[in-house]
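Fold the following and give me the result.
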Amino acid sequence: MREKVVIALGGNALQDVNTPPTAEAQMEVVKRTAGYLVDIIEKGYSVVITHGNGPQVGNIVIQNEVASKVVPAMPFDVCGAESQGMIGYMIQQALGEVLKERNIRKEVATIITQVVVDKNDPAFEKPTKPIGPFYTKEEAEVLIKEKGYEMVEDSGRGYRRVVPSPDPKEIVELNTIKLLEKNGVIVITVGGGGIPVIKENGNLKGVAAVIDKDLASEKLAEDIDADVLLILTAVEKVAINYNKPNQKFLDKMTVEEAIKYMEEGHFAPGSMFPKVKAAVRFAKSKVGRRAIITSLGKALEALEGKAGTVISL
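Just a heads-up that it's a prediction; the model follows:
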């Protein structure tokens, strides 16, 4: 029985921080990413792909703000939907090319995905999710003063805007995702963690927030009964005492060990913490499930037990 894997792509799989965020530059990065994804598909794994959208949705918001005197600015949830379409299109096209090159006949489809959150989630009172580009301290202070943004320092890389990041409760298009996946389609879904919506009088209403894509990917992985949640990031393994003289990379963690390390503050809030949190949720959701955190280049090796950090019961 082939394993079902939810692959959560990190920002570096979609955009190179050292090049301008043009459509052409992003497509080049996505084409490289597609090669690694098809390596996994070629080995017979059934994959569902998810992705972040932090830089992209931040840039779309800026484009809307700058052009607001000419055309009305779209609300944040609509910007999130735009980012899903844009990134999904790029992944679809790149995957299609690589699959064709390797003579693999598979359909690829992007689902614009809404994810229900609780309107009373405490996250709405305390924004934590970084979006958009990095700024210097001076630039951040101007944005706080002029636009009322909440800004935080992000893992030593500069300052970024933060928005609320509520917990994912329900994936609205789940049955469609299941139907496509069951029929062998490679599905790209919950882009950027999904478009956050709340239930109001039996209807859905978009809200200004970003759901963490790793937590949304975990919710998806549980709901489609995946065997593996593969979280891809910029590093090959999870480390404790990160950037300290006693830094230690981990091959594996039990759920209990991971929770202990989280409580001890080993993982940065906007960076590795949500990845480990998602991994713990998935690993403890059912016996036999495992979560893996690794880099894009080591993804297949990690699935084969030769790389990455494995989190299990």
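
which residues does residue 293 contact?
Neighbour list for residue 293: 231, 233, 237, 238, 272, 275, 276, 279, 308, 309, 311 [criterion: CB atoms under 8 Å, 6 or more residues apart in numbering]. C-beta coordinates here come from the backbone N, C-alpha and C atoms, glycine included.

Can you tell me which of those residues end up in helices?
Among those, the residues falling in helices (DSSP state H) are 272, 275, 276, 279.

can you give me phi and psi for the residue lying closest to residue 172 once chain neighbours are set aside?
Taking CB to CB, 6 or more residues apart in numbering, and ignoring the residues beside it in sequence, residue 172 has residue 114 as its nearest neighbour in space, at 4.1 Å. With angles defined as degrees, to the nearest 10, residue 114 shows backbone torsions of phi -100, psi 140.

Residue 209: which of the ones in helices among the contacts of residue 293 is nearest?
Within the set of the ones in helices among the contacts of residue 293, residue 275 lies nearest residue 209; the separation is 19.1 Å, counting by CB to CB.

That closest one: how many residues sit nearby?
Each residue near residue 275 was counted by other CB atoms under 10 Å, and the total is 27.

Please give the centre-to-centre distance between the worst-scoring helix or strand of the chain on mean pLDDT and its chain.
For the chain, the helix or strand with the lowest mean confidence is strand 129-135, at a mean of 80 (criterion: mean pLDDT, DSSP states H and E). Relative to the chain's own centre, strand 129-135 is displaced by 15 Å; criterion: CA atoms, centre = their mean, to the nearest Å.

Who are the packing partners of it?
Under the contact criterion of 3 or more CB pairs under 8 Å, 6 or more residues apart in numbering; DSSP states H and E, the helices and strands touching strand 129-135 comprise helix 54-66, strand 159-163.

For my notes, please list the ones in helices among the contacts of residue 293 in TSV and give pLDDT and distance to residue 107 for each entry.
As requested, the ones in helices among the contacts of residue 293 are exported to TSV (pLDDT from 0 to 100; distance: CB to CB, whole Å):
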residue	pLDDT	distance to residue 107
272	93	34
275	96	29
276	97	34
279	98	30
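
which among those residues end up buried?
272, 275, 276, 279 (16 or more other CB atoms under 10 Å).
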